[in-house]
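Colleague: Starting from these lines, generate the structure:
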Amino acid sequence: MADEKNPLPTVSPITVPADSTNDSNMNELGSLIQGVLQQTQDRFQHMWSIHHPPPTDKFPLSTLQPASSP
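Modeller: This next block holds a predicted model:
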């Protein structure tokens, strides 16, 4: 209820009873979130490997010659 000093109404916090059903739901939600995060990480790694292939040895250091002096 609002008063003269504070025009905003007061809100009671929502309380959820702690029981095994809530714990089970939270565990299931946590598992789902972990699964989504793992899939997202796998997709990013896959896309990264497609767009950033490992370097090839086109120009090995053994073929480089010292610069000749003029």
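Colleague: just for the chain, where's the confidence low?
Modeller: For the chain, residues meeting the criterion pLDDT under 70 lie at 1-9, 11, 14, 16-18, 56-70.
Colleague: Please enumerate the helices of it.
Modeller: Here the chain has its helices, by DSSP state H, at 20-51.
Colleague: burial count for residue 15?
Modeller: For residue 15, the tally of surrounding residues (other Cβ atoms under 10 Å) stands at 6. For glycine as for every other residue, the C-beta is placed from the backbone atoms N, C-alpha and C.
Colleague: what about it, distance to residue 25?
Modeller: Distance of residue 15 to residue 25, given as Cβ to Cβ, to the nearest Å: 16 Å.
Colleague: what about residue 19, how many neighbours?
Modeller: Residues near residue 19, counting by other Cβ under 10 Å: 9.
Colleague: Let me see the contact set for residue 13.
Modeller: By Cβ atoms under 8 Å, 6 or more residues apart in numbering, no residues touch residue 13.
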